[in-house]
Every structure is written in structure tokens, then in C-alpha cells.
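In: For reference, the sequence and a predicted model appear below.
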Amino acid sequence: MTENIMIKIVFFAALREQLDCSELQIAASEVKTISDIKAKLANKNEHWQQVFNNGALLSAINHDMVANDANVKSGDEVAFFPPVTGG
Amino acid sequence: MTENIMIKIVFFAALREQLDCSELQIAASEVKTISDIKAKLANKNEHWQQVFNNGALLSAINHDMVANDANVKSGDEVAFFPPVTGG
Amino acid sequence: MTYSTLPNVKISIQAQDFNLQDEVDLLEQDNAIDGAVVTFTGRVRNKNEGLKVSGLTLEHYPGMTEKSLEKIIKQAQQRWQIGRISVIHRIGQLMIGEQIVFVGVTSMHRQDAFAAAEFIMDYLKVQAPFWKKEVTEQGEKWLDAKQSDNQQAQQWDK
Amino acid sequence: MTYSTLPNVKISIQAQDFNLQDEVDLLEQDNAIDGAVVTFTGRVRNKNEGLKVSGLTLEHYPGMTEKSLEKIIKQAQQRWQIGRISVIHRIGQLMIGEQIVFVGVTSMHRQDAFAAAEFIMDYLKVQAPFWKKEVTEQGEKWLDAKQSDNQQAQQWDK
């Protein structure tokens, strides 16, 4: 198989600092939706669980804001971040 | 009597050009309201009558926009002009 | 001419051009509480009522102009929480594309700055004694007032 | 960085400051039909939630930032008759009073320019991936999103 079998996950702002992580990869075969990814990340340890318990976190797939039930596939870039505060 | 017994009348923009007059004086004793002044000016001749027949003309007393029934007194500056078009 | 008896208000009727950055910097100078600035700038258009326009002459009624703008600004100050206000209107001869009018409003809240700036422009259009005479391909022509401007100003009474 | 695939649209995410007059001149360059220009400028305030602020750091999500702004601008173009649009947002470290964001919209009709500029700002506030970290007297602190900004954006759906 030549296709990318991983999903790239990126974190921003306060979330990145809380996790002390800006980017990681997960296998596309293990998750179908944003909710799946969140559950998987929360499962890492108690600290990550606490952080992902925050219902206000926003998600994007390939630069488009999405809801928790959005489907992900291999090669996608998935982002998690706090509510935005620009402007 | 030392008080000013005249009313100063000023005209602007298209109205000033139509009348070929920017300023004139009338005796305060002859008029009580803006309507009186308009009637008096319209009485000058047929041309002025025609010009003052324009219901869209605006009036001001001492730099405040007023309606036709506003009272005038000696020393006032009364202005007549077309609807404004600035900005 | 800069003329205003109101605090935090600049009113200027002038022949010379103005610089937007300078005007906004002035509005925000020593004013670190107002994070929002809304400006309106009006420029000379190249067309009006189907006629090509090459420029215009702006006449005003000195004294009444400043007084009418102060009245409009006072109303805006009563309606919204705004910081500083600047209104500049040019007079004399202006060519296509030149800046005619500037309204700038600062506020802690962008909604208030937007509303006040639009309100001031809407009332300036129907109450401030300025008149435009356009130089068109068919000669000089005084601009007709637009009914839509009256309707726009009246909407604020609702 | 200037990035836009939309005609008559400038989107720039940049560290350096911008000049309002230059930006408005660009919006009006060879654009003699749009007589109205509305701008919004946001500046760093000296206070937030009761804490003194000395400056802030702006982080963003490269790529998504530009895409989200394009989406917002496209919606504005569908709702109003507008000419050119410019959105500039600075990133990195900014001090009190510095300019953060610029939105400029031209139109033949000032109402459309006002509405579109306010709409773009309201949506930028809740959809564009920027985050502010303030330097306060109590140390660095990520800014909390305001519920009022969500409500403001939702008002456009009515």
C-alpha cells in the first residue's frame, strides 16, 4: 500500500502548552471520527484525560472546523485547540 | 434704540446661483416666521416666486435647522438652501 | 479649521487632504482603553446618475456646519459607549478618487464604534450643510439629494 | 504573507505593522466606482478582566487561518454588494497600543461596507484560529474566549 496510513494530530495555544506537545501521529485504522481520536488521546494517561475532558475544545480536519461526529481518514490533518481569541 | 432691527438672510449652493444673490437684509418688523420671510422674498418678482415655490428648500435660524413656523427676531441670521449633499 | 467645544471630539472643515493613519493614531493617542476603531472614508466617484464625473466642488455653510456636526456627535455619544470621535470634511475642488470625508470612532466595544460611525455618516448626509457641484461631461451640475439618504437616517429612530 | 485565491481580496498574516492610509489607498486604487470605505482596526488594550496588560503574543494556525478568513469573506460577498476586501492580522509579540487587526471593505453603498466589515470582524473573532496570550502583572495568561463574541456572530443568522 502506497497511501498514508497515519493521521497527523496538531495542538495549539493553551492546549499545546497543557499537553506539552504540538504534534503527534496516530494510525488511521484505529479511529473513525473526531470523538474516537479524542477518546484515544484521553486514554494516554490521567493528565491527558483531564485536558480532553474540556468540552469547549474545538476541532478541525484539514483546516475546516468540524463537529465531534466528523469522519477522519488516513492522510488527514486533525487539529485540536481552545476557543479562538484573535481580532 | 440700539438693537439690531434687521434680519440677515443668506442663500447657499444652487439656490444662491438661481437667485444670483448670497445675502440680503430685511426689516425684522415685517416678518414673524420663516414662512413670512419666504412669502416676502417670493413677492420680489416672478423669478424669485418661482424659486421659492420649491417645497424642498430647507431653512435655518442661527445655524439650527427649523420648520416654516419657526419665529424670527431682529439680529437673527436666517439661511435658505437646497437639501444637503455632503459626505 | 479645527473646531470643537466637546471633549474628545475633533471636527475639521478643511481644503487639504488628510491621512488615515495619522487620524487614527490621534484618536488612539494616550487612549489605551479603546481597543476598537471604526472609520468611514468617502471618496469622489467617477460616475453619478449615469454621467461621467471628472471632479466636484464642495460648498458649505461656515458656522452651521460645525454646529450641526456637534449636534450629531452629541446624539451618538448619548446612544453608545464611545471614546473619541473625529469628523473631517473637505471643501473646495476635489478630483476623482480624492478623499472627501472621514469619520472615526473609538470604543471599548467594536459594536458601539460601528454603530456610532454609521449613525454619524447617516446624519451628516442629511443634516450637515454641504453641497456638491459635479463637473460632468455635460457641464457643471449641482448634485440632487437622494431620498434613500433620508430613509437611511430615519431608520435610527425606530 | 499575502495569500488569497479570491479576486479583489487581500488576506495577510504578518508580524510587521501596517499603515491604514496605504491599505485604504490599495483598496481604492483603480477603483473609482466604490465611493465608500469602512475600516476596523483593533489595538492592544492596557487592561483585560481587571488586570493590567503590558503586551501580548499572538499565535495562529498557518493554513487554516487563511482558509477560514476566505470562507468568511465569501459569505460577506454573497450577502452584500461590496467591492474590495482586505484583512490583515498580525502575529507574534505586540505591545500596548499596537495595531493587531485590520478589516477594510469598499462599496458603492456605505451601508453595505459597514455591514460587511462588521460581519467579517464578528466571524473572525469566533472562527479564525488566532489565540492571544497576555503579559499581565500576574504573569503570562492565555485569554479566555468571550461568550458575547459568540452571541454577536450568531446575530447575523437572524
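Out: Alright, I've got the coordinates.

In: Tell me the first helix or strand C-terminal of the top helix by length along chain C.
Out: Once chain C is assigned using DSSP state H, the helix that runs over the most residues is helix C:110-127. Sequence order places strand C:130-136 as the next helix or strand after helix C:110-127, per DSSP states H and E.

In: Run through who's touching that next one.
Out: B:12-14, B:81-82, B:84-87, C:48, C:51-60, C:65, C:89, C:91, C:140-143 (Cβ atoms under 8 Å, 6 or more residues apart in numbering or on different chains). Quick note: C-beta positions are derived from backbone N, CA and C, even for glycine.

In: and the following helix or strand past it, which residues are buried?
Out: Next helix or strand after strand C:130-136 toward the C-terminus (DSSP H and E): strand C:139-142. Under the neighbour-count criterion of 16 or more other Cβ atoms under 10 Å in any protein chain shown, strand C:139-142 has C:141, C:142 buried.

In: likewise stretch C:118-127?
Out: Those would be C:118, C:119, C:120, C:121, C:122, C:123, C:124, C:125, C:126, C:127, for stretch C:118-127 by 16+ other Cβ under 10 Å.

In: For residue D:76, state which of the residues you listed is nearest.
Out: residue C:118 (16.2 Å; Cβ to Cβ).

In: Please tell me I have it right and the closest one contacts residue D:114.
Out: Yes: judged on Cβ atoms under 8 Å, residue C:118 makes contact with residue D:114 at a distance of 4.7 Å.

In: Common neighbours of these two, please.
Out: residue C:40.

In: number of nearby residues for the nearest residue to residue C:47 once chain neighbours are set aside?
Out: Spatial nearest neighbour of residue C:47, excluding adjacent residues (Cβ to Cβ, 6 or more residues apart in numbering or on different chains): residue C:53 at 6.1 Å. Neighbourhood size, residue C:53 [other Cβ atoms under 10 Å in any protein chain shown]: 21.

In: Could you give the average pLDDT over the helix or strand where residue C:53 lies?
Out: If you go by DSSP H and E, residue C:53 is part of strand C:51-60. Mean pLDDT, strand C:51-60: 92.

In: for that strand, packing partners?
Out: strand C:85-90, strand C:92-95, strand C:130-136 (3 or more Cβ pairs under 8 Å, 6 or more residues apart in numbering or on different chains; DSSP states H and E).

In: Tell me which of these sits most buried.
Out: Of all those, strand C:85-90 carries the top mean neighbour count, a mean of 24, counting by mean count of other Cβ atoms under 10 Å in any protein chain shown.

In: Give me the contacts around the helix ranked longest in chain A.
Out: In chain A, ranked by residue count with DSSP H as the criterion, the top helix is helix A:34-42. Residues from elsewhere that reach helix A:34-42 (Cβ under 8 Å, 6+ apart): A:7, A:9, A:26, A:30-31, A:48-49, A:51-53, A:57, A:59, A:61, A:66-70, A:72, A:78, A:80.

In: can you rerun that using 10 Å?
Out: With Cβ atoms under 10 Å, 6 or more residues apart in numbering or on different chains as the contact definition, helix A:34-42 has outside contacts at A:7, A:9, A:11, A:19, A:21, A:24, A:26-27, A:30-31, A:33, A:48-53, A:57, A:59-61, A:66-72, A:76, A:78, A:80.

In: still on that earlier bit, contacting residues around the residue nearest to residue C:47?
Out: Contacts of residue C:53 by Cβ under 10 Å, 6+ apart are C:44-47, C:95-96, C:132, C:134-137, C:141, C:143, D:32.

In: Dig out what it forms beta bridges with.
Out: Applying DSSP bridges to residue C:53 gives these bridge partners: residue C:136.

In: tally of neighbours for the residue in chain A that chain C sits nearest to?
Out: Going by Cβ to the nearest Cβ, chain C is nearest to residue A:87 of chain A, at 8.3 Å. Residue A:87 has 23 neighbours, counted by other Cβ under 10 Å.

In: Assumed it was part of a helix.
Out: No: under DSSP: H, G, I helix; E, B strand; the rest coil, residue A:87 falls outside any helix and is assigned coil.

In: okay but it is in contact with residue D:129, surely?
Out: No: look at residue A:87 against residue D:129 with Cβ atoms under 10 Å: they stay out of range, at 11.6 Å.

In: what residues does chain A put near chain C?
Out: residue A:87 (Cβ under 10 Å from any Cβ of the partner chain).

In: ok, what's across the strand from residue C:36?
Out: Counting by DSSP bridges, the residues bridging with residue C:36 are residue C:107, residue D:42.

In: Which pLDDT does the model give it?
Out: 97.

In: ditto for residue C:1
Out: 44.

In: and the longest helix of chain A, average pLDDT?
Out: The model assigns helix A:34-42 a mean pLDDT of 97.

In: try stretch C:5-15
Out: 94.

In: Need the phi and psi values for the residue located most distally from the centre of chain C.
Out: Largest separation from the mean C-alpha position in chain C: residue C:138, at 28.0 Å (Cα atoms, centre = their mean). Dihedral pair for residue C:138: phi -100, psi 20, per degrees, to the nearest 10.

In: And it, how far from chain B?
Out: Going from residue C:138 to chain B by Cβ to the nearest Cβ, to the nearest Å gives 16 Å.

In: now do residue A:74
Out: As judged by Cβ to the nearest Cβ, residue A:74 and chain B stand 58 Å apart.

In: If you tally nearby residues, what's the number for the closest residue to residue A:58 other than its chain neighbours?
Out: Excluding the flanking residues, the one nearest residue A:58 by Cβ to Cβ, 6+ apart is residue A:81, at 5.6 Å. Number of residues near residue A:81 (other Cβ under 10 Å) recorded here: 22.

In: Also residue A:33?
Out: Neighbours of residue A:33 (other Cβ under 10 Å): 16.

In: correct me, but it touches residue A:7?
Out: No: applying Cβ under 10 Å as the test, residue A:33 and residue A:7 come out as separate, 11.4 Å apart.

In: Residues that sit against both of the two, list them.
Out: residue A:72.

In: quick revisit: in the longest helix of chain A, which residues are buried?
Out: Of the residues in helix A:34-42, A:34, A:36, A:37, A:38, A:40, A:41, A:42 count as buried by neighbour count, 16+ other Cβ under 10 Å.

In: Nearest residue to the last one in space, please, no chain neighbours.
Out: Take residue A:42 and drop its neighbours on the chain: the residue closest to it by Cβ to Cβ, 6+ apart is residue A:52, 4.0 Å away.

In: give me phi/psi at the one you found?
Out: phi -80, psi 0.

In: my guess is it meets residue A:80, correct?
Out: Yes: proximity of residue A:52 to residue A:80 meets the contact threshold set by Cβ under 10 Å, at 8.1 Å.

In: about what we covered before: so what's the residue farthest from the centre of chain C up against?
Out: Neighbours of residue C:138 in contact, by Cβ under 10 Å, 6+ apart: C:51, C:52.

In: what do you get if the cut-off is 6 Å, keeping everything else the same?
Out: Shown in contact with residue C:138 (Cβ atoms under 6 Å, 6 or more residues apart in numbering or on different chains): no residues.
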